[in-house]
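Enquirer: Fold the following.
(one chain, ligands or ions: 1)
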Amino acid sequence: MNQTSKLILSHKDVQEMLDSMLRDSGPWWDFFYEDRTKKVPFFVHVPDENLKQYMDSNLIPIGKVLELGCGPGRNAIYLAEQGCQVDAVDISSEAIKWARERAKDLSAVIEFLCCDIFSLPIQAESYEFVYDSGCFHHIAPHRRMSYVELVSKALQPGGHFALSCFTDGPNNPATQGSMLSDWDVYKLGSLKGGLGYSPDKLKAIFHEFEPIEIRKMKKIEQPAEVFGESFLWTALFRKKT
Ligand SMILES: C[S@@+](CC[C@H](N)C(=O)[O-])C[C@H]1O[C@@H](n2cnc3c(N)ncnc32)[C@H](O)[C@@H]1O
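Expert: Here you go, the predicted model:
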């Protein structure tokens with residue numbers, strides 16, 4: 001049966017219909033990672049400055065971690081080096097290939113998985129920390145609720161979730177996030193490179209979690225021991241007990 005003549009019978013069918021209005025992420029990201037010499041800020045091999053801050057100040061315990069949209073693995077490798085047991089997932093096979101090569105060079109033991117985060121088999125409440133650096137702003141509005149459910153399911157009560165994502169706002173010319181409304185995304189058939197968020201939007205989306213800290217990421221000139229760009233928010237939440 002032609003996909004467009006398929007009868008919509010479930011919420012899953014609605015999600016798949018909306019997915020089909022937007023680009024297919026996997027092939028797009030594979031193409032993005034083909035040239036590793038491109039000047040892409042997050043191609044550096046150092047962890048996010050906020051992540052290092054959480055670890056240095058013992059905000060996050062050494063334990064089991066899930067990283068969503070790990071890309072070439074810089075944060076997963078850092079967390080493994082701190083003693084965490086890390087599962088790291090990305091939809092791009094090119095990204096996972098690069099991440100595995102980087103981890104092998106450093107003898108870091110990480111479970112890298114190549115799949116869509118929404119197809120990830122997750123054992124309930126099995127992680128102390130879920131981290132996402134730059135994946136959430138590429139998630140389409142109709143998948144956000146599933147994203148929150150995924151994080152909530154993965155975390156133990158009292159566990160932490162942190163993300164970095166594009167800033168929004170007409171008063172912020174430095175942002176790289178698009179200013180589209182959720183409705184416009186489907187009218188245009190695009191997220192226009194990734195959605196920009198405000199702290200209020202993040203609090204509304206993750207309202208079932210307790211916000212611990214939401215701040216701009218610090219701009220860090222490279223080369224350096226950490227990565228940071230001021231067009232990103234960093235947000236740390238705790239799952240309520
Ligand atoms: C901006 S990159 C950030 C990569 C990495 N976290 C970093 O900071 O170096 C976003 C990543 O999210 C991944 N991604 C996007 N949508 C995804 C999905 N639905 N499931 C898994 N990974 C996804 C992309 O393949 C890409 O590697």
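Enquirer: Would you map the helices across this structure?
Expert: Using DSSP state H, the helices assigned to the chain run over residues 11-19, 25-33, 49-56, 74-81, 93-105, 144-154, 182-188, 199-205.
Enquirer: got the residues of the protein near the ligand?
Expert: 25, 29, 42, 69-72, 74, 89-92, 95, 116-117, 133-135, 138 (C-beta under 6 Å from any ligand atom). No exception for glycine: its C-beta is placed from N, CA and C like everyone else's.
Enquirer: Which of those residues are buried, as a PyMOL select command?
Expert: Selecting the buried subset of those in PyMOL, with 16 or more other C-beta atoms under 10 Å as the burial test, is done by:
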select buried, resi 25+29+42+69+70+71+72+74+89+90+91+92+95+117+133+134+135+138
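Enquirer: what about the protein, any weak spots by pLDDT?
Expert: 1-3, 170-175 (pLDDT under 70).
Enquirer: longest strand of it?
Expert: strand 155-166 (DSSP state E).
Enquirer: Within its sheet, name the partner strands of that one and how each one runs.
Expert: Strand 155-166 has the following strand partners under DSSP bridges: strand 127-133 (parallel), strand 232-239 (antiparallel).
Enquirer: what angle sits between that strand and helix 49-56?
Expert: Put simply, strand 155-166 runs at 150 degrees to helix 49-56, going by axes from the mean of the first three to the mean of the last three C-alpha atoms, to 10 degrees.
Enquirer: tell me the angle of strand 155-166 relative to helix 144-154?
Expert: Interaxial angle of strand 155-166 relative to helix 144-154 (the same axes, to 10 degrees): 140 degrees.
Enquirer: Only the buried residues of strand 155-166, if you could.
Expert: Neighbour-count burial for strand 155-166, counted by 16+ other C-beta under 10 Å, picks out Leu155, Gln156, Gly159, His160, Phe161, Ala162, Leu163, Ser164, Cys165, Phe166.
Enquirer: Assess the claim that the fourth one and Glu128 are in contact.
Expert: Yes. Checked against C-beta atoms under 8 Å, the pair His160 and Glu128 is within contact range at 7.2 Å.
Enquirer: Pull up the overlap in contacts between those two.
Expert: Common contact partners of His160 and Glu128 (C-beta atoms under 8 Å, 6 or more residues apart in numbering): Ile60.
Enquirer: Good, we can wrap up now.
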